[in-house]
Each structure stands twice: as structure tokens, then as C-alpha cells.
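Trainee: using only what follows, build the 3D model:
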Amino acid sequence: MNDCIFCKIVKKELPTKIIFENDDFIAFNDIKPVSPTHILVIPRVHIKNLWEVEDTLGALHATSLLGKLLLTAKEIAEQQHLDEGFRTVINTGDNGGQTVYHLHLHILGGRFHKWPPG
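Mentor: Numbers count the residues shown, from 1 in each chain. Below is the predicted model of the structure:
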């Protein structure tokens, strides 16, 4: 995925202030935040979206990665002091609002989030 902006961030080819990283994920602030805290968590491996995760990794590894993704989001939310709550979002496909086709999770916090989202 030579033209994937998130793959370039993983390879450190684009200057991005990394706020969290481990063996599986990198996290950084969204460039168009919709909340006071708006962090993107991306896997180091390129996966187009949730539709593709099992095809890319196989069912067992997909389950493991997605579980780790949610636990990583929780860890980052704790580090960011989002004690009053936060929202996690994974957009999938055009109608789901996905604009970068590399699986990523949004952590939104620092304000009240009404339901349903718009």
C-alpha cells in the first residue's frame, strides 16, 4: 500500500506526533478533530477495513487484533484522562463514513456525545 497515508505514518515517512505506540498499533491526533480529544488508533499492518480483516489476517488473528485494538483504545483513554467517558468509532465503507481505507479506530472524548450520531 504505497499510497496509503496511514501506512506512511506507520513507516514514519510522514511527520506525525505519535501519542502512543506498541508492537501492534500507533495512535495520533486526528487532523480534523470533532471533539476536544480525537485520537486515531491504527494497526501497523495494512487492513482496508472491517470487511477485510479476516481475509487479511485469518479469523484467529483477526479476533486477536480486534480485541487488542479495543483494549489499546481503553489504555489510551486512561492515559488521556477521559474518566467521564469516551466514544469509539470504526467507520467502514463509503456509507459508513470511511475516508482513509486503512482500518482505524477513533477515540472521541472531552465532551458529551449525543445519540444518535449524525
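Trainee: which parts of the protein are helices?
Mentor: Taking DSSP state H, the helices of the chain run over residues 5-10, 53-57, 59-79.
Trainee: in this protein, which helix or strand is least confident?
Mentor: Within the chain, no helix or strand scores below helix 53-57, which has a mean of 94 by mean pLDDT, DSSP states H and E.
Trainee: quick one: low-confidence ranges for this protein?
Mentor: 1, 118 (pLDDT under 70).
Trainee: ok, residue 65 touching residue 24?
Mentor: Yes - between residue 65 and residue 24 there is a contact under C-beta atoms under 8 Å: 6.7 Å. Bear in mind the C-beta positions are built from the backbone N, C-alpha and C, glycine included.
Trainee: shared neighbours, those two?
Mentor: The overlap between the contact sets of residue 65 and residue 24 (C-beta atoms under 8 Å, 6 or more residues apart in numbering) consists of residue 43.
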